[in-house]
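Enquirer: Only the shape, not the letters, is given here:
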Ligand code: CO
């Protein structure tokens with residue numbers, strides 16, 4: 001076992017049992033999260049296999065009777081609770097148990113049955129009640145202080161049909177999640193049901209003829225893949241890393257090295273903010289924090305060979321838990337495989353002919369289903385030292401019906417009297433790079449065209465300006481198209497063979513501005529999305545850019561609070577928080593199911609090597 005390995009099922013059970021016993025928790029207690037308390041960088045670096053290790057869990061939960069929220073630390077050998085702290089801000093993450101229990105409870109509530117009957121819906125078995133978390137400012141005043149959810153209603157046209165094909169427009173419920181009790185029925189308006197087609201399963205799509213001209217495509221690696229997976233330690237050609245996983249970030253990539261040199265200590269996604277940009281009654285509460293409110297780990301789904309992953313695959317399972325603290329396994333949660341990636345480099349010489357190398361990449365991926373939506377995450381490692389992080393958004397868009405002649409301007413018409421609201425998916429990647437060691441400085445690197453003059457008579461001169469970011473205030477950076485701004489993480493204490501400092505560049509992709517009034521409640525909760533990049537000095541406790549307790553939050557207690565200290569970020573252990581995603585202006589082609597919308601950013605070596613590190617890739 002390695003100190004960074006995720007908690008096992010036995011460890012989760014032990015942590016829950018220990019806490020239950022020592023704090024005399026009743027069955028009204030819910031476990032929101034149980035995760036490994038990751039060891040310090042020093043511990044990780046000093047570890048050699050066989051060393052005794054101390055395992056610790058961090059547990060967050062609450063009592064449904066008094067609503068009291070606690071965060072605890074539990075050591076596992078010997079089992080003991082070492083800290084137990086009451087939390088006073090916000091609520092713990094929403095849980096899958098609550099989502100399911102709320103759906104079941106509301107479907108039996110007479111007021112719900114009555115409201116649906118008035119819309120002609122009597123088969124409750126076909127109803128899906130979809131519970132969302134709130135921002136504190138939107139919780140009705142009379143319910144403040146409780147653990148409150150609000151719910152949408154969806155309806156399947158036939159037992160096996162898609163619920164997200166049919167919104168029940170203008171009907172929402174407000175729920176006390178601790179008592180699992182309906183507080184309010186909001187019946188704001190009704191719309192005569194349009195004749196739509198929201199099905200995507202072939203049998204349910206009228207007149208669909210599946211293509212017949214696709215021949216098999218097989219990927220064979222007769223000698224197996226070129227990587228080795230030993231527990232959670234992965235090595236492939238010159239790359240080495242460890243695979244981690246937790247309830248909130250999902251896949252975490254630890255201790256990334258190339259040829260024995262350190263590139264990154266930890267890479268993950270720390271928050272996702274999805275504001276719907278539609279102020280109408282059906283949508284104004286739709287501001288999902290899919291990581292802080294729900295957790296990518298809890299929402300990870302099992303992968304299937306031949307469908308999700310093609311080729312010679314190695315899977316890792318993930319162990320999550322329910323709100324009783326009981327562990328369960330997500331089979332095939334993480335996919336690891338190699339891919340052919342066309343050409344790495346090539347040149348054709350008139351005399352000697354072509355010299356060409358095919359590119360091979362190592363891919364780590366996991367898939368998340370957030371109710372109607374899917375996020376597919378791919379971390380790719382290349383033979384020339386590049387790292388690419390790609391996210392694909394797919395699944396089913398939220399839609400809503402409107403009365404004849406009255407389409408609201410906040411979305412795109414995708415079916416008869418049906419529009420899909422515009423929305424944005426902001427992802428915050430937490431990038432703890434350690435380029436040849438921890439002492440790094442981030443430079444904004446920008447191109448500048450010099451004015452014409454005696455030294456520049458043709459107006460061609462272009463120079464590159466590298467500006468060190470010295471404080472957290474400097475570290476608040478925005479994308480600039482005019483200068484092609486990017487950011488280099490440089491170790492000024494280590495030089496390459498050319499005598500220049502070694503570095504890795506964050507090449508921005510899919511960056512876009514929030515386009516939101518700073519006074520708007522969502523921006524207050526998610527100030528983190530206000531910049532493309534934030535840089536902080538490493539602090540193991542600083543993990544969540546919009547705060548630890550995002551459910552029913554009022555303010556962002558993460559990045560804006562930490563960076564208000566304006567700490568030094570020069571020549572120190574830095575963490576980069578990169579904000580990117582999908583500015584989703586919906587299209588008819590994304591209905592009834594959305595093909596992947598793909599966004600990415602890159603980490604590329606700049607002077608980390610003396611020359612192309614892919615020179616040694618052999619010809620195929
Ligand atoms: Co979208």
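Expert: Alright, I've got the coordinates. Note that the structure is predicted; figures quoted are calculated from it, not measured. Residues are numbered from 1 along each chain as shown.
Enquirer: Which strand or helix spans the residue nearest to residue 109 when sequence neighbours are not counted?
Expert: With sequence-adjacent residues excluded and distances taken as CB to CB, 6 or more residues apart in numbering, residue 109 is closest to residue 182, at 4.9 Å. No exception for glycine: its C-beta is placed from N, CA and C like everyone else's. In the assignment (DSSP states H and E), residue 182 maps to strand 181-187.
Enquirer: so what secondary structure elements neighbour that strand?
Expert: Judged by 3 or more CB pairs under 8 Å, 6 or more residues apart in numbering; DSSP states H and E, strand 181-187 is in contact with helix 96-107, helix 110-117, strand 171-176.
Enquirer: try 6 Å
Expert: Applying 3 or more CB pairs under 6 Å, 6 or more residues apart in numbering; DSSP states H and E, one finds that strand 181-187 makes contact with helix 110-117, strand 171-176.
Enquirer: got the contact list for the shortest one?
Expert: Read that as strand 171-176. With CB atoms under 6 Å, 6 or more residues apart in numbering as the test, strand 171-176 has contacts from 102, 106, 115, 146, 149-151, 153, 182-184, 186-187.
Enquirer: Indicate each strand paired with that strand and its parallel or antiparallel sense.
Expert: Sheet pairing of strand 171-176 (DSSP bridges) gives strand 148-155 (antiparallel), strand 181-187 (antiparallel).
Enquirer: what's the closest of those strands to residue 493?
Expert: strand 148-155 (50.9 Å; CB to CB).
Enquirer: For the spatially most central residue of the chain, list the residues it contacts.
Expert: Nearest to the mean C-alpha position of the chain, counting by CA atoms, centre = their mean, stands residue 269 at 4.6 Å. Counting by CB under 6 Å, 6+ apart, residue 269 makes contact with 249, 427, 429.
Enquirer: Can you get me a residue count around residue 81?
Expert: Residue 81 has 17 neighbours, counted by other CB atoms under 10 Å.
Enquirer: what about the closest residue to it other than its chain neighbours, how many residues close to it?
Expert: Once flanking residues are discounted, residue 81 sits nearest to residue 22: 4.5 Å by CB to CB, 6+ apart. By the criterion of other CB under 10 Å, residue 22 has 14 neighbours.
Enquirer: winner for burial among the helices and strands packed on strand 181-187?
Expert: Across the helices and strands packed on strand 181-187, the average number of neighbours (mean count of other CB atoms under 10 Å) peaks for strand 171-176, which reaches a mean of 22.
Enquirer: That one: how far from the chain's middle?
Expert: When C-alpha coordinates are averaged (CA atoms, centre = their mean, to the nearest Å), strand 171-176 and its chain have centres 27 Å apart.
Enquirer: residues contacting residue 55?
Expert: Applying CB under 6 Å, 6+ apart, we find residue 55 in contact with residue 76.
Enquirer: rewinding a little: run through the residues that contact the residue nearest to residue 109.
Expert: By CB under 6 Å, 6+ apart, the neighbours of residue 182 are 109, 173, 175.
Enquirer: Out of the contacts of strand 171-176, which end up buried?
Expert: 102, 106, 115, 146, 149-151, 153, 182-184 (16 or more other CB atoms under 10 Å).
Enquirer: Between the residues you listed, which has the least confident prediction?
Expert: Among the buried ones among the contacts of strand 171-176, residue 146 carries the weakest pLDDT, at 93.
Enquirer: Excluding covalently adjacent residues, which one is nearest to that residue?
Expert: Closest residue to residue 146 apart from its sequence neighbours, by CB to CB, 6+ apart: residue 176 at 5.5 Å.
Enquirer: Return the set of residues that bridge with the one you found.
Expert: Assigned bridge partners for residue 176, using DSSP bridges, are residue 148, residue 181.
Enquirer: Leaving out the residues flanking it, which one is nearest to residue 198?
Expert: Excluding the flanking residues, the one nearest residue 198 by CB to CB, 6+ apart is residue 165, at 2.6 Å.
Enquirer: right, I mislabeled it, should have said residue 200
Expert: What sits nearest to residue 200 in space, not counting adjacent residues and going by CB to CB, 6+ apart, is residue 593, at 3.9 Å.
Enquirer: Report the separation between that neighbour and residue 221.
Expert: According to CB to CB, to the nearest Å, residue 593 and residue 221 sit 31 Å apart.
Enquirer: Neighbour count for the two, which is higher?
Expert: Between residue 593 and residue 221, residue 593 has the larger neighbour count (other CB under 10 Å), namely 18 against 11.
Enquirer: so what's residue 424 up against?
Expert: Counting by CB under 6 Å, 6+ apart, residue 424 touches 275, 583.
Enquirer: circling back: nearest to residue 454, out of the helices and strands packed on strand 181-187?
Expert: Using CB to CB, the nearest of the helices and strands packed on strand 181-187 to residue 454 is strand 171-176, at 69.5 Å.
Enquirer: For the closest one, give the mean pLDDT please.
Expert: Rounded mean pLDDT across strand 171-176 is 97.
Enquirer: again with stretch 193-213
Expert: Mean per-residue pLDDT for stretch 193-213: 97.
Enquirer: Mind listing what's buried along it?
Expert: Neighbour-count burial for stretch 193-213 flags 193, 196-200, 204 (criterion: 16+ other CB under 10 Å).
Enquirer: Do you have the helices of this protein handy? List them.
Expert: Secondary structure of the chain, counting by DSSP state H: helices at 9-22, 41-46, 96-107, 110-117, 521-525, 559-563.
Enquirer: And the contacts of the third one?
Expert: Counting by CB under 6 Å, 6+ apart, helix 96-107 makes contact with 112, 124, 127, 129, 131, 173, 175, 177, 180, 298, 322-323, all of which sit outside it.
Enquirer: that older thread, could you measure from the residue nearest to the centre of the chain over to residue 514?
Expert: Per CB to CB, residue 269 is found 18 Å from residue 514.
Enquirer: Now render the contacts of residue 269 as CSV, adding pLDDT, neighbour count and distance to residue 307.
Expert: Shown next, in CSV, are the contacts of residue 269 (pLDDT from 0 to 100; neighbours: other CB atoms under 10 Å; distance: CB to CB, whole Å):
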residue, pLDDT, neighbour count, distance to residue 307
249, 98, 22, 25
427, 98, 26, 24
429, 98, 22, 27
